[in-house]
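Undergrad: Sequence plus the predicted model coming up.
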Amino acid sequence: MAYRADFRAALVAIVAFMALGVSFPGASHACSRVFWNNSGAAMVTARTMDWSHTFDDWLFVYPRGQRIRGDAGPKAATWTSKYGSVVCGIYGFASQLGFDESEGGTDGLNEKGLAAHLLYLETTKYAAPGGKPGVNYMRWLRYILDNFATVAEAVEGMKKVDIVSVNLGSEVLGGHMAIEDPSGDSAVFEIIDGKLKVHHGAQYTVMTNDPPYDEQLANAKQFIGLGGEKDLPGDTESANRFVRAAYYLQYLPAPADSEQAVGLVMSVARNVAVPFGAPYRGRTGEGVYPTWWLSATDVKNRIFYFSWVQNPNVIWVDLSRIDFSAGGQTRKLNPRNPALAGDVTRSFEPAR
């Protein structure tokens, strides 16, 4: 318990410094996403959240019918949520910087089985405001899950808006997004030099961070099992995590059922996760970006799994057992609670 108290105190200090304008530590090496869409038993994605500090993440249940503003200046996009969703967001951290429960989603699944995963991309350059209706990146994931039932719909919908910047503390964080649906379709969205770049197709199953996606794909072709002769890399650098995830994904054995599929794809995510204390590239003085949590998303069965790394348990939320009716209240759950295990669908409490 003393460790947890000390950890909380350290986090409060970090937030206080940020509010004063102190920059984030270098954070260009964070997070991985792996989509297993040819297992035969399920369509399952696993992702890791790697960062230099915790974001005090929360899980939210959002009902249909919520009115949302893209919060991107006078030409902000506005919408009413068509679909309910379960979202993991950085509310515990962002709320101390003025953001609310509708903002900061990094991972989630809607009631139609469309899943979305927002990862860091340092080379992002957001669109200038004033063009198309704007959605800032803190509400990007909500825009996708609120409005679309399939990857194809989301790809079309993204043509109608610009993703724009917003300050999180003293920083603007670059991001790119991967999405998938129960058909096995997938897409990766990046904002490069202010323009939307889309990779759409079932073949786009892995995403990490920098460099941009075209360069990641080209780099992976140099390695054994992916078209080249180089040995698999072993460090935590983004391009090397991409290579390992793509390599191991193709060798997963056929699962007996969807639950086993979740376990197997999480084994790939754990291979690219970063242990606590491990320095970037194995060199001291270059920062530490541990994996704080892993999620798995069963898009066919609409189940969202979550594992906080400092706890020994896995929890899950079954969207088929949630009432997303319009007019319902946003509900939230602290997934970092070590007392939680197994199905927590009925454990959410009303948000303020």
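TA: Okay, I see it. Numbering: from 1, shown residues only.
Undergrad: where in this protein is pLDDT low?
TA: By pLDDT under 70, the weakly predicted segments of the chain are 1-29, 281-285.
Undergrad: Tell me which residue lies farthest from the centre of it.
TA: The centre of the chain is farthest from one residue, residue 229, which by Cα atoms, centre = their mean lies 31.6 Å away.
Undergrad: That residue and residue 223: what is the separation?
TA: 8 Å (Cβ to Cβ, to the nearest Å). C-beta coordinates here come from the backbone N, C-alpha and C atoms, glycine included.
Undergrad: contact partners of stretch 255-262?
TA: 36, 39-42, 44, 46, 263-264, 296, 298, 300-301, 303, 305 (Cβ atoms under 8 Å, 6 or more residues apart in numbering).
Undergrad: just so I have it, where are all the helices in this structure?
TA: When assigned using DSSP state H, the helices of the chain occupy the ranges 2-19, 91-94, 140-147, 151-157, 213-220, 238-249, 258-272.
Undergrad: For residue 196, find the nearest of these.
TA: Closest to residue 196 of these is helix 151-157 (Cβ to Cβ; 9.8 Å).
Undergrad: For that closest one, name the packing helices and strands.
TA: With contacts defined as 3 or more Cβ pairs under 8 Å, 6 or more residues apart in numbering; DSSP states H and E, helix 151-157 has these neighbours: helix 140-147, strand 175-180, strand 186-192, strand 195-200.
Undergrad: Now render the ones you listed as JSON lines, adding mean neighbour count and distance to residue 257.
TA: Formatted as JSON lines, those follow (neighbours: other Cβ atoms under 10 Å; distance: least, Cβ to Cβ, whole Å):
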{"stretch": "helix 140-147", "mean neighbour count": "25", "distance to residue 257": "26"}
{"stretch": "strand 175-180", "mean neighbour count": "26", "distance to residue 257": "20"}
{"stretch": "strand 186-192", "mean neighbour count": "22", "distance to residue 257": "22"}
{"stretch": "strand 195-200", "mean neighbour count": "15", "distance to residue 257": "29"}
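Undergrad: nearest to residue 125, of the ones you listed?
TA: The nearest among the helices and strands packed on helix 151-157, by Cβ to Cβ, is strand 186-192 at 6.6 Å.
Undergrad: and the closest one with strand 195-200, angle?
TA: Counting by axes from the mean of the first three to the mean of the last three Cα atoms, to 10 degrees, strand 186-192 lies at 160 degrees to strand 195-200.
Undergrad: Strand 186-192 pairs with which strands?
TA: Strand 186-192 pairs in its sheet with strand 175-180 (antiparallel), strand 195-200 (antiparallel), by DSSP bridges.
Undergrad: List the contacts of the residue farthest from the centre of the chain.
TA: By Cβ under 8 Å, 6+ apart, the contact set of residue 229 is 222, 223.
Undergrad: so residue 324 makes contact with residue 81?
TA: No - the criterion here is Cβ atoms under 8 Å, and residue 324 misses it with residue 81 at 9.1 Å.
Undergrad: Pull up the overlap in contacts between these two.
TA: Here residue 324 and residue 81 have 62, 63, 64 as joint contacts, going by Cβ under 8 Å, 6+ apart.
Undergrad: Kindly provide the distance from residue 133 to residue 74.
TA: 10 Å.
Undergrad: Could you export the shared contacts of residue 324 and residue 81 as CSV, including distance to residue 193 and neighbour count?
TA: Shown next, in CSV, are the shared contacts of residue 324 and residue 81 (distance: Cβ to Cβ, whole Å; neighbours: other Cβ atoms under 10 Å):
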residue, distance to residue 193, neighbour count
62, 32, 28
63, 37, 20
64, 36, 18
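Undergrad: Tell me which of the helices of the chain sits most buried.
TA: Of these, the one with the most neighbours on average (mean count of other Cβ atoms under 10 Å) is helix 140-147, at a mean of 25.
Undergrad: Pretty sure residue 303 sits against residue 317.
TA: Yes - the pair residue 303 / residue 317 is scored as a contact, 7.0 Å apart, by Cβ under 8 Å.
Undergrad: Report the buried residues of stretch 304-311.
TA: For stretch 304-311, the neighbour count (16 or more other Cβ atoms under 10 Å) marks 304, 305, 306, 307, 308, 309, 311 as buried.
Undergrad: if we can go back for a sec, and which of the shared contacts of residue 324 and residue 81 is nearest to residue 240?
TA: residue 62 (35.7 Å).
Undergrad: Surely the closest one and residue 81 touch.
TA: Yes - using Cβ under 8 Å, residue 62 is in contact with residue 81, at 6.5 Å.
Undergrad: Which neighbours do the two have in common?
TA: Any residue near both residue 62 and residue 81 by Cβ under 8 Å, 6+ apart counts here, and that gives 142, 146.
Undergrad: so how far is residue 185 from the closest residue to residue 331 other than its chain neighbours?
TA: Leaving aside its chain neighbours, residue 331 sits nearest to residue 348 (3.8 Å; criterion: Cβ to Cβ, 6 or more residues apart in numbering). Distance of residue 348 to residue 185, given as Cβ to Cβ: 29 Å.
Undergrad: Strands along the stretch 1-150 of the chain, start to end?
TA: Counting by DSSP state E, counting those that start in this stretch, the stretch 1-150 of the chain has strands at residues 32-36, 44-50, 58-62, 67-69, 78-80, 85-89, 105-110, 115-120, 134-136.
Undergrad: And the stretch 251-352 of the chain, by the same measure?
TA: Ranges of strands in the stretch 251-352 of the chain, per DSSP E, counting those that start in this stretch, are 291-298, 303-308, 315-318, 331-333, 342-343, 349-350.
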